[in-house]
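Undergrad: Sequence isn't available, so here's the structure alone:
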């Protein structure tokens, strides 16, 4: 895809590496991504169930079905990303997300809610994820973790801000106004920078990515796995197993966090504040792990993140005060922030830039299916038992098991 005119005009005139411009665009798109995030939907669960009489399982099912759809399209989108670049994928993702979230203000039935939210969630889980990290991993190698941490920080900022935007917009009880505010924010923040400035990869404009130097000052060779080669390595399946274990926890707890806190006696505005604090701590972790030395194995960071995620999940069970809720939510957020930043880095570091979209597309199918399972499991256990305790016990255990997969996921050798 031909680089945009504004980008080709700016590149020879900028006194710094153009990858930082790409990073800025990705940050804005990542902020806008969070319109259909489960943490945002969590703000709408109580008012929409009260208005329509839907069950928690019915609402959670829309998250899960959207994830299933993303699992279907991600292996298709991945190779397109490798050929055409992130600009096209991200522009369509922002437009689709903004229009869909605004359209949620018009739904009058469960079917309409499913049609609109499943589409938004599909875009969130598949094309958006591939576009954001595909853009960054093409431009950065030596500073890949730092760039990914900044981009994930921007996404966490969206999770901090958008629930508050929704809560303020529906302060008079009108949940429809909340969705309009969320969708409008997505479109205003996310579209134009990507359309005007994102370039597929540095080689398209005569540049090179920043490189990791060897001891002699030479650029270290990048791994160059095809999708088929990657899938024949233990590392691919161990990273996939880690993904399958942690992402039901991420989605299942995030969606039902506000209702759980309200059931434990917190006010709706306090519950919203806890969710924002959880997102803020995710941002702290996301930013912090980007500054870990690149010589440290990325799997150790994934292991530590899973440990903290498990502690946060178990900690949410017995809360009886706002202080307990902030503590458990903060731990949970730290774990999520580390995982969201380090997993894309691991995929790119282990298998290279050349087929990142194709490889990540397959892994992303597993990720979104795992995310789809979490909210449904949590909703079913809540409806059956009247409490979120059983689901939190399950999620804490899954996160603990993920530590074993992370420890075993060593960097692969190239295969033929």
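TA: Received the coordinates, thanks. Source: prediction; values computed, not measured. Numbering: from 1, shown residues only.
Undergrad: buried sites along the helix-or-strand element of the chain with minimal mean pLDDT?
TA: When the helices and strands of the chain are scored by mean pLDDT, DSSP states H and E, helix 268-289 comes last with a mean of 84. Residues 270-289 are the ones in helix 268-289 that count as buried (16 or more other C-beta atoms under 10 Å). Yep, even glycine has a C-beta here, placed from its N, CA and C like the rest.
Undergrad: pLDDT averaged over the helix or strand harbouring residue 124 - what is it?
TA: Here residue 124 sits within helix 110-125, counting by DSSP states H and E. When pLDDT is averaged along helix 110-125, the result is 94.
Undergrad: the inter-axis angle of the helix or strand just after that helix versus helix 110-125?
TA: Where DSSP H and E defines the elements, the next helix or strand beyond helix 110-125 is helix 127-139. Computed by axes from the mean of the first three to the mean of the last three C-alpha atoms, to 10 degrees, the angle separating helix 127-139 from helix 110-125 equals 10 degrees.
Undergrad: So, low pLDDT: which residues of the stretch 101-250 of the chain?
TA: Scanning the stretch 101-250 of the chain with the threshold set as pLDDT under 70 gives 211-220.
Undergrad: ranges for the strands of it?
TA: Shown for the stretch 101-250 of the chain, no strands are assigned by DSSP state E, counting those that start in this stretch.
Undergrad: Quick check, central residue of the protein?
TA: residue 340 (6.0 Å; C-alpha atoms, centre = their mean).
Undergrad: Could you find the closest non-adjacent residue to that one?
TA: residue 152 (5.0 Å; C-beta to C-beta, 6 or more residues apart in numbering).
Undergrad: Contacts only, for the closest residue to residue 335 other than its chain neighbours.
TA: Excluding the flanking residues, the one nearest residue 335 by C-beta to C-beta, 6+ apart is residue 309, at 2.9 Å. Residues in contact with residue 309, defined by C-beta atoms under 8 Å, 6 or more residues apart in numbering, are 246, 249, 250, 331, 332, 335, 336, 339, 399, 402.
Undergrad: Quick one: neighbours of the last one, just the number.
TA: The criterion is other C-beta atoms under 10 Å. On that basis, residue 402 has 27 neighbouring residues.
Undergrad: before we move on, what about the fourth one?
TA: Neighbours of residue 331 under the rule other C-beta under 10 Å: 22.
Undergrad: can I assume residue 60 is in contact with residue 372?
TA: No - contact criterion C-beta atoms under 8 Å: residue 60 and residue 372 do not qualify, at 9.3 Å.
Undergrad: What is the helix or strand containing residue 345 packed up against?
TA: Using DSSP H and E, residue 345 sits in helix 322-351. Using 3 or more C-beta pairs under 8 Å, 6 or more residues apart in numbering; DSSP states H and E, the elements in contact with helix 322-351 are helix 127-139, helix 144-169, helix 234-263, helix 268-289, helix 298-315, helix 356-385.
Undergrad: In stretch 288-302, which of the residues would be classed as buried?
TA: Buried residues in stretch 288-302 (16+ other C-beta under 10 Å): 288, 289, 290, 292, 298, 299, 301, 302.
Undergrad: nope, stretch 377-384 is what I was after
TA: For stretch 377-384, the neighbour count (16+ other C-beta under 10 Å) marks 377, 378, 379, 380, 381, 382 as buried.
Undergrad: can you check stretch 335-342 too?
TA: Neighbour-count burial for stretch 335-342 [16+ other C-beta under 10 Å]: 335, 336, 337, 338, 339, 340, 341, 342.
Undergrad: picking up where we left off before, in JSON lines: the buried residues of stretch 288-302, plus distance to residue 265.
TA: Formatted as JSON lines, the buried residues of stretch 288-302 follow (distance: C-beta to C-beta, whole Å):
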{"residue": "288", "distance to residue 265": "32"}
{"residue": "289", "distance to residue 265": "34"}
{"residue": "290", "distance to residue 265": "37"}
{"residue": "292", "distance to residue 265": "39"}
{"residue": "298", "distance to residue 265": "40"}
{"residue": "299", "distance to residue 265": "40"}
{"residue": "301", "distance to residue 265": "36"}
{"residue": "302", "distance to residue 265": "35"}
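Undergrad: And residue 344, how far from residue 116?
TA: 28 Å (C-beta to C-beta, to the nearest Å).
Undergrad: now swap in residue 304 and tell me
TA: In terms of C-beta to C-beta, residue 304 sits 38 Å off from residue 116.
Undergrad: and if you look at residue 31?
TA: Counting by C-beta to C-beta, the gap from residue 31 to residue 116 is 21 Å.
Undergrad: likewise residue 94?
TA: As judged by C-beta to C-beta, residue 94 and residue 116 stand 16 Å apart.
Undergrad: Mind checking which of these two has more residues around it?
TA: residue 94 (27 against 22).
Undergrad: Please report phi then psi for the more buried one.
TA: Torsion angles at residue 94 (phi, psi; degrees, to the nearest 10) stand at phi -60, psi -50.
Undergrad: same thing with the one 5 residues further on?
TA: With angles defined as degrees, to the nearest 10, residue 99 shows backbone torsions of phi -70, psi -40.
Undergrad: Nearest residue to it in space, please, no chain neighbours.
TA: Nearest residue to residue 99 in three dimensions, chain neighbours excluded: residue 183, at 7.0 Å (C-beta to C-beta, 6+ apart).
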